[in-house]
Structure formats: structure tokens, C-alpha cells
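Colleague: Give me a model of this one.
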Amino acid sequence: MDVARREVVDRDAAARDLPDSPEGPVPPGVPDGPAAPARPSAAADRRGGGGTGVRLALMAVPAAFFALFFGYPVAAIVFRGLHEGGRWQSGRIAQVLGDPDILQVLWFTLWQAAASTALTLALALPGAYVFARFDFPGKRLLRAVVTVPFVLPTVVVGSAFLALAGRGGALDVWFGMRLDTSVWAILLAHVFFNYAVVVRTVGSLWSQLDPRQEEAARVLGAGRFTAWRRITLPALAPSVAAAALIVFLFTFTSFGVIQVLGGPRYATLEVEIYRQTATLLDLPTAAVLTLTQLVAVAALLAVHAWALRRRESALSLVPAEYTARRPAGPGQWTTVATVLGVMLVLTVVPLLVLVQRALDGPDGYGLAFFRALGARSDSATFVVAPVEAIGNSLAYAAVATAIALVVGGLAAAALTRRAGRLVRGFDALLMLPLGTSAVTVGFGFLVALDEPPLDLRSSWILVPLAQALVGVPFVIRTMLPVLRAVDVRLREAAAVLGASPLRAWREVDFPLVRRALLVAAGFAFTVSLGEFGATVFIARPDAPTLPVAVARMLGRAGEAHYGQAMALSTLLMLVCAGVLLALERVRTDGRREL
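Modeller: Alright, predicted model coming up:
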């Protein structure tokens, strides 16, 4: 057994040093650069061809979890909205979709998503190029900093841009410009949030493309731009398309950013669903909008899957460390400095302004707003001291992480055993909560989980369950590549030596997946900490989470409430950034990324 373990560890260490190893786990939906297609082994064939009973057993718990806490609440909302008097009100669909106000919401949702995607690509592709082709001091740290906005709750992203571009913000003070409640603030906030998606997705592939192909074209007489357009761009096109689809999906379902920055003029489908359910109590309209969003997201995911399959085509890849070089000459240093400057302005300045507004108290700079978080409130919507939201969020996120690890770990183990349409459909089902209205899920919890044996509406567990729905896809996407890399023959050797299945897993699999498990737990904890769309419905006034507390503070008049919202947002940002930086340390072996 010890010999088998040493062989596994040695093989894992060697695999980390392979030239085409990816850059490590990234947010779900943010794929790593594709590696050259591996030769299928006999072990892989056995892993994919058999074990149907084991696969179904592993899928049972995740399938039940998603059926009860995702499918059932969403179906309940649709049923209550469109089923009345014993009949389906199918005519309501045409009525809602023919409403000029709803059509305006649909148009804005599509338009702002397309504009946000185009602007993100335009500003982030140069950053992907710099990270892929140049080596410079602080590169790893900067990559972590650029990723921080992606793991922040969207309500904090909105708060950061409100501090930057709102009343009394940096732009207002320095240039007399206010962009809050304007579409430009929304678009820039979306760029801030999704910048890392493009840098990670496109940059990881770009760093592995052989630059000698482009150099050969230039030797044959092609200009720099022509060589890039004819050689590099076609190779990058599937990766760029995948990144664009991911950004479009995230901005199409945008809620927190629009809620904070959009004001009464702008609303996406997600915001309109919230308004119809929470404010107008119009369930039929909300049900139609939910179905519309589900159809649109399903179509986007289908296109995304097609784009990912296109990325699997064979490319001439080389080790990433061989393509990155120190900038040579003033021209290249100027290019790197310019791109990094734009990157820092887009991703760091809003966070610094957020901290500045949190420290700018009524008597000058200090911790007045932070100290005020400890005072109790007499408001009916906030009956406890705001600082209690910190403890609530940490406790909820810890429970949600445990749930996500169990459900996501079992699902990843099932998906490890490659199969046909059943497993592919199961995989798509597990990803669906990332693109489905969290508002619908949260309100569905209140509507559906109010009768025995699932009478959970007054239970604290509702919040971790909603958060776990978002955390599970992160666990799956982090664990799956590592689990698929474990050679099944090592388990078989352990079994031959007399190990039980449990001991074989403990001695063979666990040492290899332990680090990936920690990374998965970190991502699940961070996204659970920042979940807002569903939690805003189910968090009680006496036990709010940090994002809900921030939103409630921003919704109340007065400079004190605004300052406390900035202070809470700063605390939440620091927690998320700390978790992300810890993950960067876990993901590295001291020399290069896993």
C-alpha cells in the first residue's frame, strides 16, 4: 500500500511539471486553456464503459438535492403563476410578452449584456495578451488581484461604483461627473466584474500557443497584424467565443449591479422578476419572465457547450513558461505598462474608492462608520446591529460550503465516470443554477417549502441551502479535472493488495484530491458568502447576511447609512480577497501553478 501511495504521489508531482499543465482552477464557466488531446487508456475505457450502478448511486444525492431545492421551487413558482382555476393560463404568456414595458425590459437586458460583453472583450483582451506573452515582476500577485472582483458579491461591485461615480464620489469631486443611475456605470461595473473571465479564459490558451508559427509567417513576408490575424486569431477564436458567452450569460442575469446602479430607469429580467414578486406580488408575470429567462439561458448554455467542443480541436501547444518573456525595449515596456495601468484603473481603483468612502466619516477620516456598525437599529427592516451580519454570513457560508462539498463531491465523482447523454445532461443540470434567476429560487423557497415534510420557511437552513446551489458548480468544476486524472489502475492495485473501497479511497484518491478539495471549499465559501439574489428573500431581519445588510443600508436615506453600507462592503471585500489570496497559496507548489 505504501508503495502504491508513493507511486501516486510521484506521478502527481510529475504531472504538475508537464509542459501543458493548465494554470489551475478558475471560476466555473471560466475554462482553462485546452491541453493537447490525451490518448485514451484502457483504464479510461473501463472507467467510462462500466460501473453504471456506482454512477447512479453517486448521482442519487446530487439529483435529489437539485430536484428538491432547485427544480421544485422553480416549478412551484411557474405553476402558481400560470395555473389558475384548474387550467393553464397559456394566454398569459402572449399577454406578458406583448406588454411594451416588458418588451423594453427584454430589450435593455439583451442590449446591455451585448454592450457589456463587447466592452469587456475590448478592454480585457490586451490584458490577456500581456499575461500570456510577457513575464514581469508581481505577475502572480496581479493575477490574483485581477480575479478579486469576480468573487465579490455583485451588490459590493455596485457599491464600489456607487462610491466612485455616485453623489460625492471621486468622479463627482474631481471632475464634476456623476455616472450613477446611468448606463455607463452599469457597463463599467460589468467590465470590472468580468475582466478576469477574459484574462483567464483567453490568456491561458494564448500563453500556450507556439509563437514560432506567427514568426514564420512574418519571415515569409506577412506584416505583424496580418500574421496575427491569419495565424493567432483563428486559434484563439473558440476561446474568445467561449469567454464572450460566459460574460454575456453573467450580464444577462445581472441583478445586484442593476439594483444598486440602475435606479428606476433601468431593469434587467432579473430585476423585473424581483419587482413583480416582491413589490407587485404579480406571480403570473414573474412566472412568464422566469420561463423566458430559462429558455434564453438554456440556449446560451447550448451555444457555450458547442464553443467548448470547438476548443477541443488539436492545436500546436507549448509550455507556457517558454512563451512568456521579459519585455525588450522601450516599446514593449510601454505596452506592458499601459495595459497594466488600464487594468489597475478598472479593477483596483473602484475598490480603493470604496475603502476611502468607508473611512471618510462625519469628523474626517477614521473608523466612525465601522464603529457605528455595532449599534442596534430601531428600523423594522433591520432590528439588529449591522455588525451581527458578519457572524451570520460566516456561519451560513460554512454550512453552505459543507453542503456544497458533499453534493458537489458526489456529483464530480459520478461525472468522473465518463458516459453518454445521461451524464452530459446531468452535468448541464448542475450548472443551470448559475444562469437561472436566483430571485425566482429564493421566492420559490418561500412558496414551495412551507408544508410538511419540507416546512422550512422559518428555518435558518434555507439560507445555506440557497447558497449551496451556487457553490456546488464551483466544487464540481474544481474537483472534476483532478478526479479524472487519477489512474483507476492504482485503485485496482490497492484492492488486489486487500484494501477495502473506503481504505483505497483514503490511501489513493484523497492524497491526490486533498488540495483540490481545499480550493473547492474556498471557492464555495466565497460565493456562498456573497450570494444575494435568493438570500434577499429568505434572510430574516434578525439574521441578515452581509450582502443583504449592505443592500438594506443603501436603501435607507442619510449619509450615516451610506457610510455604514460602504464599511460593510469593505469588510465583505476584505474577507473575499483574503480567501482568494489564500487559495492562490494553496494552488501553488512554490514554483508554478498546479
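Colleague: State the pLDDT value of Gly50.
Modeller: Each residue has a pLDDT score; the one for Gly50 is 44.
Colleague: same question, the one 3 residues further on
Modeller: Taken from the predicted model, the pLDDT recorded for Gly53 is 71.
Colleague: element containing it?
Modeller: According to DSSP states H and E, Gly53 maps onto helix 52-66.
Colleague: The closest residue to Thr147 other than its chain neighbours and Val353, how far apart?
Modeller: Nearest residue to Thr147 in three dimensions, chain neighbours excluded: Ala196, at 4.5 Å (CB to CB, 6 or more residues apart in numbering). From N, CA and C alone the C-beta is placed, and that goes for glycine too. Using CB to CB, to the nearest Å, Ala196 is found at 19 Å from Val353.
Colleague: The two: which is more packed in?
Modeller: Using other CB atoms under 10 Å, the more surrounded residue of Ala196 and Val353 is Ala196, with 25 against 20.
Colleague: Okay, and that one sits in which element?
Modeller: Using DSSP H and E, Ala196 falls in helix 183-206.
Colleague: From the chain's centroid, how far away is that helix?
Modeller: Mean C-alpha position of helix 183-206 versus that of the full chain (CA atoms, centre = their mean, to the nearest Å) differs by 12 Å.
Colleague: shaky segments in the stretch 1-150 of the chain?
Modeller: 1-52, 54, 85-86 (pLDDT under 70).
Colleague: run the last query once more with 90
Modeller: 1-60, 63, 67, 70-99, 101, 127-150 (pLDDT under 90).
Colleague: any idea where the helices of it begin and end?
Modeller: 2-16, 42-49, 52-66, 72-82, 91-97, 100-133, 139-151 (DSSP state H, counting those that start in this stretch).
Colleague: want to throw these into CSV with distance to Phe525 and mean neighbour count?
Modeller: Formatted as CSV, the helices of the stretch 1-150 of the chain follow (distance: least, CB to CB, whole Å; neighbours: other CB atoms under 10 Å):
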stretch, distance to Phe525, mean neighbour count
helix 2-16, 24, 13
helix 42-49, 30, 14
helix 52-66, 18, 16
helix 72-82, 23, 20
helix 91-97, 38, 14
helix 100-133, 26, 19
helix 139-151, 10, 19
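Colleague: okay if I get the ones you listed as TSV plus distance to Leu454?
Modeller: Putting those into TSV (distance: least, CB to CB, whole Å) gives the following:
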stretch	distance to Leu454
helix 2-16	42
helix 42-49	36
helix 52-66	12
helix 72-82	8
helix 91-97	28
helix 100-133	32
helix 139-151	31
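Colleague: To Phe255, which of those lies closest?
Modeller: Closest to Phe255 of the helices of the stretch 1-150 of the chain is helix 100-133 (CB to CB; 11.1 Å).
Colleague: Next, the angle from that closest one to helix 139-151.
Modeller: 170 degrees (axes from the mean of the first three to the mean of the last three CA atoms, to 10 degrees).
Colleague: what packs against helix 100-133?
Modeller: With contacts taken as 3 or more CB pairs under 8 Å, 6 or more residues apart in numbering; DSSP states H and E, helix 100-133 sits against helix 91-97, helix 139-151, helix 183-206, helix 233-252, helix 269-274, helix 283-311, helix 320-323, helix 329-347.
Colleague: Next, the angle helix 283-311 makes with the third one.
Modeller: If you take the same axes, to 10 degrees, helix 183-206 sits at 30 degrees to helix 283-311.
Colleague: buried stuff in helix 183-206?
Modeller: Buried residues in helix 183-206, counted by 16 or more other CB atoms under 10 Å: 183, 185-206.
Colleague: same deal with the last one?
Modeller: For helix 329-347, burial by neighbour count (16+ other CB under 10 Å) applies to Thr335, Val336, Val339, Leu340, Met343, Leu346, Thr347.
Colleague: Contacts for it, please.
Modeller: 123, 126-127, 129-130, 134, 136, 142, 145-146, 148-149, 188, 191-192, 195, 327 (CB atoms under 8 Å, 6 or more residues apart in numbering).
Colleague: how about a cut-off of 7 Å?
Modeller: Here helix 329-347 makes contact (CB atoms under 7 Å, 6 or more residues apart in numbering) with 123, 126-127, 130, 134, 136, 145-146, 149, 191-192, 195, 327.
Colleague: Skip the chain neighbours and tell me the closest residue to Val151.
Modeller: Nearest non-adjacent residue to Val151 (CB to CB, 6+ apart): Thr526, at 4.7 Å.
Colleague: Quick check: pLDDT value at Ile273.
Modeller: Ile273 is given a pLDDT of 87.
Colleague: Surely it touches Ala438?
Modeller: No. Taking contacts as CB atoms under 7 Å, Ile273 lies outside contact range of Ala438: 9.6 Å.
Colleague: Next, the closest residue to Asp450 other than its chain neighbours: secondary structure please.
Modeller: Distances taken as CB to CB, 6+ apart place Arg457 nearest to Asp450, at 4.6 Å, with adjacent residues excluded. Under the three-state scheme (DSSP: H, G, I helix; E, B strand; the rest coil), Arg457 adopts coil.
Colleague: Great, nothing more from me.
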